[in-house]
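1. model this:
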Amino acid sequence: MIEFVLDGRSRVATYMQLVLQVKQALRVGLAEPGDQLPKVREVARALAINPNTVLKAYRELELEGLAEGRPGVGTFLVGTLAGPALANQAELREDLVAWLGRAEAAGLTHEDIAALIDTTMRATLNWGKT
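-> Just a heads-up that it's a prediction; the model follows:
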C-alpha cells in the first residue's frame, strides 16, 4: 500500500504531491491495478491535512483513468503507467540504492543529490529541450 509523504518546502500543491506519488508508484510497479488506495480519512489524519485535499487528489486520479471510487468500499487503482521496461527496473533500482549510499557517504545532502540527478538528467537526456 502507498504511504504518502509530503514535502512542506515544495511549490507543488499538496493534492498534486499525492497524485504524483501514486503515478510514480504505478510507473515503477510498487502499485498496480486492483490495489486499494489508503482511505481518505487515514491519509488526512496521517499527514495532518484536510480530507478534501485527499479527495481532490483521488478525483484527479479518476479523471486521468488511473483510479475508480467504489461507494462504501474505497478507491482502487484501475490503470497503470508501467511500461515494458518495468522488468529491468529491479536491477537498476539496486544500482541506484548503492549509488545513493555512496553519495550520502561522500557528504552530499538530499538537496545536493536531487540537484545532481536533475541537472545530469537534463544534460544527458536532453530533457526540457524541444
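2. hey, let's count contacts and neighbours off CA atoms from now on
-> Noted.
3. domains for this structure, by residue range?
-> As assigned by automatic domain parsing, the chain contains the domains 14-77, 84-125.
4. out of these, deepest packed?
-> Most buried of the domains of the chain by mean neighbour count (mean count of other C-alpha atoms under 10 Å) is domain 14-77; its value is a mean of 17.
5. how long is that domain end to end?
-> End-to-end distance of domain 14-77 (C-alpha to C-alpha, to the nearest Å): 20 Å.
6. and the helix or strand harbouring Glu42, what does it pack onto?
-> Glu42 belongs to helix 40-47 when assigned by DSSP states H and E. For helix 40-47, the packing partners by 3 or more C-alpha pairs under 8 Å, 6 or more residues apart in numbering; DSSP states H and E come out as helix 51-63.
7. picking that back up, now the helix holding Glu42: how far from the chain's centre is it?
-> 17 Å (C-alpha atoms, centre = their mean, to the nearest Å).
8. now do stretch 44-53
-> The answer for stretch 44-53 is 17 Å, by C-alpha atoms, centre = their mean.
9. rewinding a little: which of the domains of the chain has the lowest average pLDDT?
-> Within the domains of the chain, the stretch with the lowest mean pLDDT is domain 84-125, showing a mean of 87.
10. leaving out sequence neighbours, find the closest residue to Glu60.
-> Leaving aside its sequence neighbours, Glu60 sits nearest to Val19 (C-alpha to C-alpha, 6 or more residues apart in numbering; 7.3 Å).
11. and that neighbour, its phi and psi?
-> The phi/psi pair for Val19 (degrees, to the nearest 10) reads phi -60, psi -50.
12. which residues does the closest residue in space to Arg70 that isn't next to it in sequence contact?
-> Using C-alpha to C-alpha, 6+ apart and skipping the chain neighbours, the partner closest in space to Arg70 is Phe76 (7.6 Å). Going by C-alpha atoms under 8 Å, 6 or more residues apart in numbering, Phe76 touches Pro33, Gly34, Asp35, Gln36, Leu37, Ala67, Glu68, Gly69, Arg70.
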